[in-house]
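Enquirer: sequence below, structure please.
(2 chains)
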Amino acid sequence: MHSKIFESYQSNDRSSLIPLLQDVQNIYGYLPENALRDISDFVKVPLSRVYGVATFYNQFRLTPLGKNIIRVCRGTACHVKNSANILFALETELGITAGQTTRDKNFTLEVVNCIGACSIAPVILVNDDYHGRITVKDIPKILKKYQTVNKTETAEATK
Amino acid sequence: MVQLTINGIKVNAEEGMTILDAAKSVGISIPTLCHLKNLDPTGACRICVVEIEGFRGLTPSCAYPVTEGMVVTTDSPRVRKARKTIVELLIENHPQDCLICVRNKNCELQDLSEQYGIREHRYVGETKCHAIDISSASMERDPAKCILCGRCVRVCHEVQKIGAIDFTKRGFTSIVTTPYNKGLNVSDCILCGQCIIVCPTAALREKSSIKEVANALYDRKKYCIAQVAPAVRASLGEEYNMPLGTDVTGLLVTGLRRLGFKKVFDTNFAADLTIMEEATELINRIQNGGSLPMFTSCCPGWIKYVEMNRPEVLDHISTCKSPHEMEGAVLKSYYARKMGIDPADIYVVSIMPCTVKKYESNRAELSAEAMPDVDAVLTTRELVRFFKIAGIDFNDLPESEFDNPLGESTGAAAIFGTSGGVMEAALRTAYFKITGTELEHLEFEEIRGMAGVKEATVKIGDLDVSIAVVNGIGNVGPVLDEVQNGTSKHHFIEVMACLGGCINGGGQPIHQKPEKVVKRVKALYKIDENAKTRRSHENESVLTLYKEFFGEPNSHKAHEILHTEYFDKKKILKN
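Expert: From the prediction side, this is the model:
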């Protein structure tokens, strides 16, 4: 599936490593192991270094994303407004830690340094929706919303 | 030439020289951690910082070139404080288990802590916690002890060009590891152990076999036999403060007997045997149109490399087992029968300068009737530790000789321990086998020395034999490309995974001085020069072995016992 991306790059050129990783992530949403091996063979950089680069940058993911991505803002304003509690509540509710995806592949939980919506702190971003001034109590409600959306989606798909 | 002042001393330095080297030239030592000789500086650890007049901050001396009129202070309160803080911060994120650490008293972090007089824990905080990787047969990787200096990474990538480990993740979670943090056994690692040699702490170390060897020695049923590789005798003395390149063969044999080995044999005997087999195989390949060029097969790291990366050239590798495996195989067949010992009771321990040999001795095909040819491998460093445990005072031992018949060897076998040695030894015998006359001049200067790839053409009878010696697995790439393209003009190519050959193997005493290796090499050439016989086909015991047991080199029986096969492991490991 990703073999086509190599057409627009020179092999043996280590400077195309990061653009290649980005292209692969655009296809799969994450970096599968066999794609990393192919990139390593193509640019002639050891797999360990390709893996090192992929784990160094926050933009790269090594595990598949869930259907919904929850980004918890841990910027200064949100921190003051107790975003640590929000994160903890989300982790408890979903049974995963930041950076992980739930087993049913429904939610991925991420931590972001600042979303840029400090006026409505503490804020979380679910897919493209901002949820501001939330409290720990709001969390089950918010999560339920996305779970039901998904259920109707799958219901529609089965029809 | 550039003139500068270091600590008030006028120094004339060459242009482009670093402050570190300039200071060293006038006897001022600056501590280093991430610095590696002969490689580009990274300036990562900052322990080598110095003060330069007119500069705002402190400068890493390993990475900064000298300039005209520069005024440098390498030891001031500010420098001392900075260095001390760096060491303190490193120590606080390092296990505090020096007393039970394998590198106790041989650790650069410990030395720095002592040098800067650190007597208290000033920074207490979170410490990293990682599992130890014990997956490989040769090495252990303990990331908790890693101080992230990056020396192993650079040796692996820049010198060996394997790239099995690298920095992954970032900040506090940084760790030097394999892709996906998997075990070394399923990584690209060839287990050469060069990373162990450069590691300042015990983050990388060999997997110790001392316990199992000790148990075997105390088992009355077992008939324990030791064999010693050529490179060990030229380096072991360093651990006992003897001058570099001292030949300690006699002491070593006595030491091993005192450990409890019933017989102490010489791997050099098997090296002579290897030459008889390998030279015959080469001649057969040349005369009967076999796969050429033929590669040597003494180095298990090289074999592992080809199996994992270039299985296409596997049929170019000589099928001979490596010398210590041959010795083991002969011990458990010919010797056992001759002495009336049940081969199942024989326990063969190889004393090797190498970590890959541990992996090699575990290879299933290097065994007969489910008995491994070699039961355990001890590295030079482990042997030193074993002597210590057993209370053997090495310096005061009397000298003694190897047991016979598998202890006799020629000068040709001694140079197996250095890059170019196997080739030289093989040529001496091949010349005799083809022409029936002896070489007049035994030394092949073209293939000695520390160059990466050494090439020569030798006239043997009517045949111009083209040879190459690859010194270090990092230099093998272009040579292999030629062989794969079919453009290689060579007949015979020797490859050793470590720079300088086994003498600089991953199981040798830890050192950070490349010039040490050259002195060890000299010791081996001296053993060769002083040997009574210097050609493998003059080894009487080897000739007797052929007469009584194998018949002739490459006979059916020799193939069964002294030769092996290789496997394509690329598919298993890379998918």
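
Enquirer: which helix or which strand is home to the residue nearest to residue B:179 when sequence neighbours are not counted?
Expert: Counting by C-beta to C-beta, 6 or more residues apart in numbering or on different chains, residue A:51 is the residue found nearest to residue B:179 once chain neighbours are left out, at 4.0 Å. The way it works is simple: take the backbone N, C-alpha and C, and place the C-beta from them, glycine included. Using DSSP states H and E, residue A:51 sits in helix A:47-56.

Enquirer: show me what contacts the residue nearest to residue B:179?
Expert: A:36, B:166, B:168, B:179, B:180 (C-beta atoms under 8 Å, 6 or more residues apart in numbering or on different chains).

Enquirer: just give me how far the helix holding residue A:51 sits from the chain centre.
Expert: 18 Å (C-alpha atoms, centre = their mean, to the nearest Å).

Enquirer: could you list the buried residues of that helix?
Expert: A:47, A:48, A:49, A:50, A:51, A:52, A:53, A:54, A:55 (16 or more other C-beta atoms under 10 Å in any protein chain shown).

Enquirer: tell me the secondary structure of residue 144, please.
Expert: Unless you meant another one, I'm taking chain A. helix (DSSP: H, G, I helix; E, B strand; the rest coil).

Enquirer: would you quantify the distance from it to chain B?
Expert: As defined by C-beta to the nearest C-beta, to the nearest Å, residue A:144 lies at a distance of 33 Å from chain B.

Enquirer: can you give me the neighbour number for residue A:80?
Expert: For residue A:80, the count of nearby residues is 11 (other C-beta atoms under 10 Å in any protein chain shown).

Enquirer: over to residue A:112?
Expert: By the criterion of other C-beta under 10 Å, residue A:112 has 17 neighbours.

Enquirer: wait, what's in contact with the nearest residue in space to residue A:113 that is not next to it in sequence?
Expert: In space, and not counting its chain neighbours, residue A:113 is closest to residue A:75: 5.9 Å by C-beta to C-beta, 6+ apart. Residue A:75 makes contact with A:83, A:112, A:113, A:114, A:115, A:118, A:121, according to C-beta under 8 Å, 6+ apart.

Enquirer: so who does the third one touch?
Expert: With contacts defined as C-beta under 8 Å, 6+ apart, the neighbours of residue A:113 are A:73, A:74, A:75.

Enquirer: repeat that for the last one.
Expert: Shown in contact with residue A:121 (C-beta under 8 Å, 6+ apart): A:73, A:75, A:77, A:78, A:80, A:81, A:83, A:132, A:133.

Enquirer: in ChimeraX, how would I select the buried members of those residues?
Expert: A single ChimeraX command is used to select the members of the contacts of residue A:121 judged buried by 16+ other C-beta under 10 Å:
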select /A:73,75,77,78,81,83,132
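
Enquirer: got the contact list for residue 94?
Expert: No chain in the question, so chain A it is. Contacts of residue A:94 (C-beta under 8 Å, 6+ apart): A:102, A:107, A:109, A:143.

Enquirer: actually, chain B is the one I wanted.
Expert: Contacts for residue B:94 (C-beta under 8 Å, 6+ apart) come out as B:109, B:127, B:144, B:145, B:147, B:201.

Enquirer: kindly provide the distance from it to residue B:132.
Expert: Look at residue B:94 and residue B:132: by C-beta to C-beta, to the nearest Å, they are 15 Å apart.

Enquirer: go on, residue A:28?
Expert: On the measure of C-beta to C-beta, residue A:28 and residue B:132 end up 33 Å apart.

Enquirer: one more: residue B:534?
Expert: The gap separating residue B:534 from residue B:132 is 46 Å, by C-beta to C-beta.

Enquirer: also residue B:428?
Expert: Residue B:428 sits 46 Å away from residue B:132 when distances are taken as C-beta to C-beta.

Enquirer: next, count neighbours for the closest residue to chain A within the stretch 51-200 of chain B.
Expert: Here the residue of the stretch 51-200 of chain B nearest chain A is residue B:163; by C-beta to the nearest C-beta that distance is 2.6 Å. By the criterion of other C-beta under 10 Å, residue B:163 has 22 neighbours.

Enquirer: now do the contacts for it.
Expert: Contact analysis of residue B:163 by C-beta under 8 Å, 6+ apart lists A:45, A:46, A:47, A:48, A:49, B:156, B:157, B:188.

Enquirer: now the phi/psi pair for the first one, please.
Expert: Backbone torsions of residue A:45, given as degrees, to the nearest 10, read phi -120, psi 130.

Enquirer: what sits against it?
Expert: A:14, A:17, A:39, B:163.

Enquirer: shaky segments in chain A?
Expert: Applying pLDDT under 70 to chain A picks out residues A:148-159.

Enquirer: might one say that residue B:153 is in contact with residue B:167?
Expert: Yes. The criterion here is C-beta atoms under 8 Å, and residue B:153 meets it with residue B:167 at 6.3 Å.

Enquirer: list residues touching both of those two?
Expert: With C-beta under 8 Å, 6+ apart, residue B:153 and residue B:167 have common neighbours residue B:176.

Enquirer: so what's whichever residue of chain A sits closest to chain B up against?
Expert: Nearest residue of chain A to chain B: residue A:46, at 2.6 Å (C-beta to the nearest C-beta). Residue A:46 sits next to A:40, B:157, B:162, B:163, B:164, B:166, B:188 when contact means C-beta under 8 Å, 6+ apart.

Enquirer: okay but the first one is in contact with residue A:54, surely?
Expert: No. Counting by C-beta under 8 Å, no contact exists between residue A:40 and residue A:54, whose distance comes to 10.5 Å.

Enquirer: the closest residue in space to residue A:99 that isn't next to it in sequence and residue B:293, how far apart?
Expert: Distance criterion C-beta to C-beta, 6+ apart; nearest residue to residue A:99, sequence neighbours excluded, is residue A:110 at 6.6 Å. As for residue A:110, its distance to residue B:293 is 55 Å (criterion: C-beta to C-beta).

Enquirer: who's more crowded, the two?
Expert: Counted by other C-beta under 10 Å, residue A:110 and residue B:293 do not tie: residue B:293 has more neighbours, with 20 against 16.

Enquirer: the more buried one: what's it in contact with?
Expert: B:316, B:468, B:483, B:488, B:490, B:491, B:492, B:493.

Enquirer: in space, what's closest to it - neighbours in sequence excluded?
Expert: residue B:490 (4.2 Å).

Enquirer: what values do phi and psi take at that neighbour?
Expert: With angles defined as degrees, to the nearest 10, residue B:490 sits at phi -80, psi 160.

Enquirer: ok, now which ones touch it?
Expert: Per C-beta under 8 Å, 6+ apart, neighbours of residue B:490: B:292, B:293, B:455, B:466, B:467, B:468.

Enquirer: and residue 27, backbone torsions?
Expert: I went with chain A, as the question did not name one. According to degrees, to the nearest 10, residue A:27 has phi -80, psi -50.

Enquirer: um, chain B though
Expert: Taking degrees, to the nearest 10 as the convention, residue B:27 sits at phi 80, psi 20.

Enquirer: residue B:264 now?
Expert: With angles defined as degrees, to the nearest 10, residue B:264 sits at phi -120, psi 110.

Enquirer: wouldn't it be in contact with residue B:406 here?
Expert: No. At 9.9 Å, residue B:264 and residue B:406 do not qualify as touching, with contact defined as C-beta under 8 Å.

Enquirer: right, I'll leave it there.
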